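Chemist: Build me a model from this:
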Amino acid sequence: MSIRRERVDGRQWVNNQHMASYSVNQIAVARARQLIDARQYVLDSNWGEVAPTADDGNGFLAAHSWDEYAAWHLGLTDGANDETKARYAFVYGDFRRVHRMGLIACLYRAAEWRHKDVELAAHELLQHLDAKTAG
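Modeler: Below is the predicted model:
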């Protein structure tokens, strides 16, 4: 089965279904850089096991603000309401530290669905992390 992608009226459609579009969350990019510079990262993890679940997000929100929650997501869903989980996408860490595999997951997923701005933001953060931890 082939996947047909097209843009209509500035929105992306995949196999006749509307696909969300995202803008880069610059606050999250700055927060990730800050965490990397402060050495708050995990270089080797199984992202499938440590990626935050919906329950983890609920627990985080019980003790933190929506702004703090948003800072863990590289993407902002266009058209979604602020202070809803639907607004925030592409989580890159475990609500404590940046995960290298989390950045890779963001990069891969954004590249797969052609969310170029988010892909480039994740790529730049991954390069920053790798430069900080090289040799």
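Chemist: how close does residue 127 sit to residue 23?
Modeler: 21 Å (CB to CB, to the nearest Å). C-beta: built from backbone N, CA, C; applies to glycine.
Chemist: Then residue 44?
Modeler: Residue 44 is 31 Å from residue 23, by CB to CB.
Chemist: Helices of the protein, residue ranges please.
Modeler: 26-37, 47-50, 54-63, 66-70, 100-112, 116-133 (DSSP state H).
Chemist: how about the longest one: buried residues?
Modeler: Spelled out, that is helix 116-133. By 16 or more other CB atoms under 10 Å, the buried positions in helix 116-133 come out as 118-119, 121-123, 125-126, 128-129.
Chemist: Any chance of TSV for these, columns distance to residue 106 and pLDDT?
Modeler: Shown next, in TSV, are the buried residues of helix 116-133 (distance: CB to CB, whole Å; pLDDT from 0 to 100):
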residue	distance to residue 106	pLDDT
118	7	98
119	8	98
121	8	98
122	4	98
123	9	98
125	8	98
126	9	98
128	14	98
129	12	98
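Chemist: Pick the one among the residues you listed closest to residue 76.
Modeler: Using CB to CB, residue 118 is the member of these that sits closest to residue 76, with 9.3 Å.
Chemist: For that closest one, which non-adjacent residue is spatially closest?
Modeler: With CB to CB, 6 or more residues apart in numbering as the criterion, residue 118 has its nearest non-adjacent residue at 4.1 Å, and that residue is residue 110.
Chemist: Tell me who's in contact with the one you found.
Modeler: Taking CB atoms under 8 Å, 6 or more residues apart in numbering, we find residue 110 in contact with 22, 74-75, 90, 116, 118-119, 122.
Chemist: What does the pLDDT read for it?
Modeler: pLDDT, residue 110: 98.
Chemist: before we move on, what about residue 16?
Modeler: At residue 16, the model reports a pLDDT of 53.
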